[in-house]
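Asker: Here is my input, please return the structure:
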Amino acid sequence: LGNGVPPSRLSAMNNPTLEAIESLEEQNKKLLKIQHALEKKVSQLKDFAGIITHDVRGPAHNISKMLDMYESTNDPELKKASMDYLKKISNDLTNNLNELIQILQIHLEKDIPASDCIFEDVINSAALQLQDIIQQKNATITMDLAVTNILYPKVYLQSILYNLLSNSLKYTKPSIPPVIHVSTYENEGNCYLSISDNGLGIDLNKFGHLLFKFQKSFHSGFDSKGIGLYLIKNQIEEQGGSIHCTSEPQIGTKFTVRF
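Answerer: You can find the predicted model right below:
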């Protein structure tokens with residue numbers, strides 16, 4: 001047209017109704033973008049609430065048991081061992097909570113920050129929080145970490161490892177010590193984490209479609225809220241990853257996370 005104005009824009013300028021429609025469409029796009037961002041933030045905040053209520057239960061229970069042991073014995077060695085464990089787990093729990101609080105403080109403005117996470121450190125932290133049940137069941141945890149670290153939201157990685165290890169330690173066969181193997185590896189440019197055990201297993205033909213649903217449990221007689229798998233699935237998928245399970249009843253279970 002020689003004046004640098006696109007024909008569609010020129011038509012809109014000459015047609016107030018068309019211009020109003022285009023303006024409304026632009027506003028609608030902006031509102032949809034804002035809605036998507038708000039939905040994402042609400043989802044993340046729900047995850048944090050789940051982490052606080054679910055993942056803190058185990059360590060808090062361990063602290064309570066150690067306090068009972070400390071108060072009920074006069075053996076100086078047992079008292080010292082109890083106090084040493086209390087110091088370790090309370091420091092670990094405090095650090096985890098402080099990190100979660102810091103993330104929550106900036107969360108309304110930014111996405112969840114990623115940091116350089118060392119797998120062995122996060123696994124050991126989770127194992128420390130689960131030390132009571134590890135000792136009680138004489139469990140063995142082995143590691144084969146071909147990938148040593150990952151750039152990932154640490155609070156999510158801690159939750160993923162804590163919940164998967166907790167499940168493997170909880171759903172065990174009577175009188176058979178749990179053997180849990182944690183491995184990390186790379187395949188086709190993706191980082192993977194797998195946790196396998198020799199526990200009760202799950203009948204995936206019967207329960208597979210419910211595996212990651214909210215408040216679903218597949219073994220009776222266990223203290224389970226059915227929240228952990230639902231929680232970590234949302235955390236993993238929010239970061240663009242996926243989680244897969246293979247299992248056989250009375251043989252064991254393997255969870256594989258693709259980051």
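Asker: so for stretch 138-157, what's the average pLDDT?
Answerer: If you average the pLDDT over stretch 138-157, you get 92.
Asker: And that stretch, what's buried?
Answerer: Within stretch 138-157, the residues that qualify as buried by neighbour count (16 or more other CB atoms under 10 Å) are Ala139, Ile141, Asn149, Ile150, Tyr152, Pro153, Lys154, Val155, Tyr156, Leu157. Backbone N, C-alpha and C define where each C-beta goes, glycine included.
Asker: Next, give me the two most distant ones among those residues.
Answerer: Of all pairs drawn from the buried residues of stretch 138-157, the one with the longest distance (CB to CB) is Ala139 and Pro153, at 27.4 Å.
Asker: residue boundaries of the helices in the protein?
Answerer: Using DSSP state H, the helices assigned to the chain run over residues 7-13, 16-50, 57-72, 76-107, 119-129, 131-136, 154-170, 204-207, 228-238.
Asker: For the third one, which helices and strands make contact with it?
Answerer: Looking back up the chat, that one is helix 57-72. If you count contacts as 3 or more CB pairs under 8 Å, 6 or more residues apart in numbering; DSSP states H and E, helix 57-72 packs onto helix 76-107, helix 119-129, helix 131-136.
Asker: ranking the ones you listed by mean pLDDT, which is last?
Answerer: By mean pLDDT, the lowest-scoring of the helices and strands packed on helix 57-72 turns out to be helix 76-107, with a mean of 71.
Asker: Distance to Glu188 added to the helices of the chain, as CSV?
Answerer: Formatted as CSV, the helices of the chain follow (distance: least, CB to CB, whole Å):
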stretch, distance to Glu188
helix 7-13, 44
helix 16-50, 28
helix 57-72, 35
helix 76-107, 30
helix 119-129, 19
helix 131-136, 34
helix 154-170, 21
helix 204-207, 25
helix 228-238, 18
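Asker: Give me whichever of those helices is most buried.
Answerer: Most buried of the helices of the chain by mean neighbour count (mean count of other CB atoms under 10 Å) is helix 154-170; its value is a mean of 24.
Asker: mind checking the longest strand of this protein?
Answerer: Scanning the chain for the strand with the most residues, using DSSP state E, yields strand 179-187.
Asker: Tell me the buried residues in it?
Answerer: Applying a neighbour-count criterion of 16+ other CB under 10 Å, the buried positions in strand 179-187 are Val179, Ile180, His181, Val182, Ser183, Thr184.
Asker: Ok, stretch 186-205 next?
Answerer: Within stretch 186-205, the residues that qualify as buried by neighbour count (16+ other CB under 10 Å) are 191-202, 204.
Asker: Quick one: mean pLDDT for that stretch?
Answerer: Averaging pLDDT along stretch 186-205 yields 89.
Asker: now do the same end-to-end measure for that stretch.
Answerer: Looking at stretch 186-205, the gap from its leading to its trailing residue is 29 Å under the measure CA to CA, to the nearest Å.
Asker: Please state the offset of that stretch from the chain centre?
Answerer: Centre-to-centre, stretch 186-205 and its host chain are 15 Å apart (CA atoms, centre = their mean, to the nearest Å).
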